[in-house]
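**Q** Below are the sequence and a predicted model; questions follow.
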Amino acid sequence: MARINNGRVILGGLLAGLVINVVSILCNSLLTGKKLMQAQQAGHLLQQPRFPFIPAWLFVMFLVGIALVWLYAAVRPRLGPGPGTALKIGILVGLLMGVPDNMANAAWGISGRYLPTMWMLEHLIGCALGTLIGAWAYKEQP
């Protein structure tokens, strides 16, 4: 059995993290920006984060990208290489990241259902696309 190529996991993971961050930025600027500002003005969300959120978020999403490509590399021997496997991993992780907390927020939060729904879709789409790109960059060790 081939060993996981850690260098390519990092490379693919950084590409995946970049894609995830771009999807996040697009979602939160184009789709939810106005609703976020309205929720802040209504007191449903803080005006300022408690810690430097944006740098932390960007960093964590790069870690998520690396984890996604590592998962892809780990399951390749069982599910086979290629975009189908990458999509399965990305969709699964996107659902695991996006559904539980956002479902609870939609049910119990005071900001409504729109923001949690969009954030759930952001995770799903970001992880699926990120894993596709990261898997494209991943190659087994010779």
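**A** Received the coordinates, thanks. Remember, predicted model here, so these are calculated numbers, not experimental data. Numbers count the residues shown, from 1 in each chain.

**Q** Surely residue 91 and residue 130 touch.
**A** No. Counting by Cβ atoms under 8 Å, residue 91 stays clear of residue 130, with 11.3 Å between them. In short, each C-beta sits where N, CA and C put it, glycine included.

**Q** quick one, which of these two is more surrounded?
**A** A direct count of neighbours by other Cβ atoms under 10 Å for residue 91 and residue 130 places residue 130 higher, at 30 against 15.

**Q** residues touching that one, list them.
**A** Neighbouring residues of residue 130 by Cβ atoms under 8 Å, 6 or more residues apart in numbering: 15-20, 23, 64-65, 68, 90.

**Q** Between the residues you listed, identify the one with the most neighbours.
**A** That'd be residue 16 among the contacts of residue 130, by other Cβ under 10 Å, with 34 neighbours.

**Q** What strand or helix carries that residue?
**A** helix 6-26 (DSSP states H and E).

**Q** Helix or strand next in line after that helix, which one?
**A** Next along the chain after helix 6-26, taking DSSP H and E as the criterion, comes helix 33-41.

**Q** next one: that following helix to chain centre, how far?
**A** Computed by Cα atoms, centre = their mean, to the nearest Å, the chain-centroid distance of helix 33-41 equals 22 Å.

**Q** what's that helix packed up against?
**A** If contacts are counted by 3 or more Cβ pairs under 8 Å, 6 or more residues apart in numbering; DSSP states H and E, helix 33-41 sits against helix 114-137.
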